[in-house]
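Asks: model this:
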Amino acid sequence: MSENYVPEPILEVRNLQKWFGGLHALDDISLSIARGESIGLVGDNGAGKSTLLKTISGVHEPSSGSIALQGVTVSLDSPAAARRHGVETVYQDLALIGRFTIAENFFLGRELRSFGILRKKHMRTETDDALARLDVRVPFANRKVSKMSGGQRQAVAIARGAYWGRSLLLLDEPTAALGVRESAEVLRLLGGLKERGLTTILVTHNIDHLWSVCDRILVLRRGRLVADVKKSEVTPGEVVGHITGATEAAISIDATHLGTHTHRSVS
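Replies: Next up, the predicted model:
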């Protein structure tokens with residue numbers, strides 16, 4: 001393979017704007033994500049992270065701008081439309097139904113039928129196979145979700161997203177409500193998805209979690225994309241500086257000083 005090889009972009013966001021009345025939630029966001037990348041999306045509260053995720057996942061329609069998947073501009077005007085294009089989302093609330101089994105949740109809204117009859121055995125087998133392939137350590141597919149721990153439920157939600165998300169898997173704070181041990185298991189699962197080449201975007205406030213599973217980091221601040229960096233080229237402190245605005249403030253001060261010194265040397 002040529003050293004100049006550039007992976008195919010699976011997602012391209014171009015000049016995305018989102019207004020909620022007088023609130024400018026997303027301000028001219030443009031980015032490109034290659035197939036197989038593991039992206040961390042960070043920013044302070046109100047920075048626009050969830051809005052960007054919900055726009056890509058079809059919950060919010062953009063006020064202007066465009067979204068392309070695999071080089072084709074698409075209209076993601078609903079979550080169903082996003083799912084048809086292979087975009088799956090795992091939110092903090094999981095969207096799992098406790099009284100249903102793992103298999104029933106896996107195929108919720110996508111039930112397999114033959115002549116109108118549910119193919120329950122096939123769905124259970126397919127779910128068990130998917131869990132085994134992804135190395136998801138949860139009970140068998142016929143177990144009720146209500147009988148599982150929070151970490152196991154999150155693992156099921158992520159596995160379901162990975163199963164159906166042929167293009168892109170979006171994760172909004174998947175470890176936010178979990179303990180240390182359960183968080184570690186979810187991060188192990190995300191690391192496995194990365195090794196399988198699945199493209200993911202992870203929203204998190206936890207810098208340690210960001211560093212453990214992501215290759216590249218996008219930082220939003222006040223609705224704008226202020227940094228797009230490879231993890232290998234920055235430190236956690238520098239990322240925090242972008243989140244708080246300290247990095248941009250320092251650059252502005254340096255530029256001002258440089259301009260002053262330049263002016264004095266010319267004169």
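
Asks: Now the residue positioned nearest the centre of the chain: which helix or strand?
Replies: Using C-alpha atoms, centre = their mean, the residue of the chain that lies closest to the mean C-alpha position is Ile201, 2.5 Å off. Ile201 is located in strand 200-203, with elements delineated by DSSP states H and E.

Asks: Contacts for the helix or strand just after that strand, please.
Replies: Later in the chain than strand 200-203, the nearest helix or strand by DSSP H and E is helix 207-213. Residues outside helix 207-213 that contact it (C-beta atoms under 8 Å, 6 or more residues apart in numbering): 38, 40, 42, 175, 183, 187, 190-191, 194, 202, 204, 217, 231, 236, 239-240. Yep, even glycine has a C-beta here, placed from its N, CA and C like the rest.

Asks: try it again with 7 Å
Replies: 38, 40, 42, 175, 187, 190-191, 194, 202, 204, 217, 231, 236, 239-240 (C-beta atoms under 7 Å, 6 or more residues apart in numbering).

Asks: Off-centre distance for that helix?
Replies: 13 Å (C-alpha atoms, centre = their mean, to the nearest Å).

Asks: what's the next secondary structure element after it?
Replies: strand 216-221.

Asks: picking up where we left off before, mind checking which of the contacts of helix 207-213 are buried?
Replies: 38, 40, 42, 175, 187, 190, 194, 202, 204, 217, 231, 239 (16 or more other C-beta atoms under 10 Å).

Asks: per-residue confidence averaged over the stretch of helix or strand Val13 belongs to?
Replies: Val13 is part of strand 9-20, with elements assigned from DSSP H and E. In this model, strand 9-20 has an average pLDDT of 96.

Asks: If you count neighbours, what's buried in it?
Replies: By neighbour count with 16+ other C-beta under 10 Å, strand 9-20 contains the buried residues 9-14, 16-18.

Asks: could you redo these as CSV and give each row distance to Thr247?
Replies: Shown next, in CSV, are these (distance: C-beta to C-beta, whole Å):
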residue, distance to Thr247
Pro9, 27
Ile10, 29
Leu11, 25
Glu12, 26
Val13, 23
Arg14, 25
Leu16, 23
Gln17, 24
Lys18, 24
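
Asks: From the opening residue of stretch 209-220 to its closing one, how far?
Replies: Taking C-alpha to C-alpha, to the nearest Å, stretch 209-220 runs 18 Å from one end to the other.

Asks: now stretch 194-212
Replies: The first and last residues of stretch 194-212 sit 11 Å apart, counting by C-alpha to C-alpha.

Asks: average pLDDT across it?
Replies: 91.

Asks: and what of stretch 27-34?
Replies: When pLDDT is averaged along stretch 27-34, the result is 96.

Asks: Alright, calling it a day.
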